[in-house]
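1. turn this into a structure:
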Amino acid sequence: MVEIDMDLSFDAVYYEPDSLRYELGKTLKQKYQDLPWIGIESHNRIPEFTSAENREFPKLKRHLIIGIRKTHKYVGNHKVSDWLVPYTSSGCRAMCLYCYLVCNYNKCSYLRLFVNREEMMLKLLKAGREASEPQTFEIGSNSDLVLENTITGNLNWTIDYFARNGRGFLTFPTKFDMVEPLLDLDHRGKTIFRMSVNPAEIIRRVEIGTSPLETRVKALNDMAEAGYPVGMLIAPVILVKDWKRMYGELIRYLADVLSQKVKKTGFIEIILMTYSFVHNAINTEAFPGAMKIYDHCLMTGRGRGKYSYRPEVREEAEDFLRNELDHKLGSMKILYIS
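-> Next comes the predicted model:
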């Protein structure tokens, strides 16, 4: 069994030299002055990382990469937001065995911080002003901003700045519980906070290096009490052995411990797991003792080395989850199941 404690320290910093021209770059240089700093041409091209063996993946995650974001293309989205927005970080320090960033970036799903936050915020404000109606911008689809906030303070800055100057809403999901710095911000209801949950055993054995279920739920309750609009993701749903027992227990637990405010005002998103050949290759070598989450009997290929649950399996899971949620958390609207 693989279980790794949540450790947010780093072994080295790889940085684009121009990033030190920005105020945040200078701040990070001071914060991590005792670590080795290694200059790189681009945060997207670090040869010793791309050529590393799969078993080195956990070590690569212990490096912090600092650069300047050059891609600012918004992608339309019609689930909980209108737009997916590239923002202040990409990748993550955690090592969830299913993470789609691993599929997209392979071993390069390490945490990258981008120091040009003012440029990104100005684009957000412009997009909000020019829209015909208020838009919701998903700023956390490529990273975990609550985790990043412990390093940069960017989320505090973002929520405050957008509350005073922005039109529309920001939203982001998280698997971390470090929300105390956000509770007293004057957010003005413009930031929608979403907490991802899973059965405790899945969190321990699959969502490696993230916060435990109990503290995630407390963080969700606290954010709701602080006046933030909130939602909850049951994601990804992983159909391992005894999955009905696990998710049934999870929903019963949530019904017991979620605050009345979350139950009355919050919404639910449900996402079933997708997997890939890349995941399987890295996990087999980097985490040989980890829970096996790919089941060829339940999953089918969907092209480009990706796998999803077979239609009849998905239907069974969806029916089970809807029924359990309807009985235990019927006041919370299910926005979608995907």
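
2. hey, where'd the strands end up in the stretch 1-150 of the chain?
-> 12-15, 37-39, 63-67, 75-76, 83-84, 89-90, 95-96, 112-114, 136-138 (DSSP state E, counting those that start in this stretch).

3. would you check the distance separating the second one from the middle of the chain?
-> Offset of strand 37-39 from its chain centre (CA atoms, centre = their mean, to the nearest Å): 27 Å.

4. what's it packed up against?
-> strand 12-15 (3 or more CB pairs under 8 Å, 6 or more residues apart in numbering; DSSP states H and E). Backbone N, C-alpha and C define where each C-beta goes, glycine included.

5. who's in contact with the strand it packs on?
-> Residues from elsewhere that reach strand 12-15 (CB atoms under 8 Å, 6 or more residues apart in numbering): 25, 28, 32, 35-40, 43, 46, 62-67.

6. show me where pLDDT drops low in the stretch 51-200 of the chain?
-> Applying pLDDT under 70 to the stretch 51-200 of the chain flags residues 103-107.

7. can you do 90?
-> 51-54, 56-58, 60, 71-72, 78, 99-110 (pLDDT under 90).

8. show me where this protein has its helices.
-> Here the chain has its helices, by DSSP state H, at 23-31, 47-50, 57-60, 100-105, 117-130, 145-152, 154-165, 200-205, 213-225, 243-257, 260-265, 277-286, 311-328.

9. tell me which residue of this protein is furthest from the middle?
-> When distances are taken from the C-alpha mean of the chain, residue 132 lies farthest, 29.1 Å away, according to CA atoms, centre = their mean.

10. now render the strands of the stretch 1-150 of the chain as a markdown table, adding distance to residue 224 and mean neighbour count.
-> Formatted as a markdown table, the strands of the stretch 1-150 of the chain follow (distance: least, CB to CB, whole Å; neighbours: other CB atoms under 10 Å):
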| stretch | distance to residue 224 | mean neighbour count |
| --- | --- | --- |
| strand 12-15 | 36 | 20 |
| strand 37-39 | 41 | 13 |
| strand 63-67 | 32 | 23 |
| strand 75-76 | 28 | 9 |
| strand 83-84 | 24 | 19 |
| strand 89-90 | 25 | 26 |
| strand 95-96 | 25 | 23 |
| strand 112-114 | 29 | 26 |
| strand 136-138 | 18 | 22 |
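
11. among the ones you listed, which comes closest to residue 254?
-> Residue 254 sits nearest to strand 95-96 of all the strands of the stretch 1-150 of the chain, at 20.0 Å, using CB to CB.

12. how much space between residue 124 and residue 196?
-> Applying CB to CB, to the nearest Å, the value for residue 124 to residue 196 is 23 Å.

13. likewise for residue 95?
-> 15 Å.

14. what sits against the nearest residue to residue 67 once chain neighbours are set aside?
-> If the residues on either side of it in the chain are set aside, residue 67 comes closest to residue 43, at 3.4 Å by CB to CB, 6 or more residues apart in numbering. When contacts are counted by CB under 8 Å, 6+ apart, residue 43 touches 14, 16, 65-67, 112.

15. nearest residue to the middle of this structure?
-> Mean-position check on the chain, CA atoms, centre = their mean. Result residue 144 at 4.1 Å.

16. list the contacts of that one.
-> Contacts of residue 144 (CB under 8 Å, 6+ apart): 92, 94, 173-176.

17. hang on, the earlier thing: among the helices of the chain, which comes closest to residue 338?
-> helix 311-328 (9.7 Å).

18. pLDDT of the closest one, averaged?
-> Averaging pLDDT along helix 311-328 yields 98.

19. cool, and stretch 228-239?
-> 98.

20. any figure for the gap between residue 153 and residue 161?
-> 12 Å.

21. just the CA atoms of stretch 90-98, as CSV, please.
-> C-alpha atoms of stretch 90-98 as CSV (Å, rounded to 0.1, in the frame of the first residue of the first chain):
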residue,chain,number,x,y,z
SER,A,90,-0.1,24.5,-13.6
GLY,A,91,0.5,21.0,-12.2
CYS,A,92,0.4,20.1,-8.6
ARG,A,93,2.5,18.9,-5.7
ALA,A,94,0.1,16.0,-4.9
MET,A,95,0.4,12.7,-6.7
CYS,A,96,-3.2,11.5,-7.4
LEU,A,97,-2.9,8.3,-9.4
TYR,A,98,-5.6,9.3,-11.9
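
22. that concludes my questions; thank you for your assistance.
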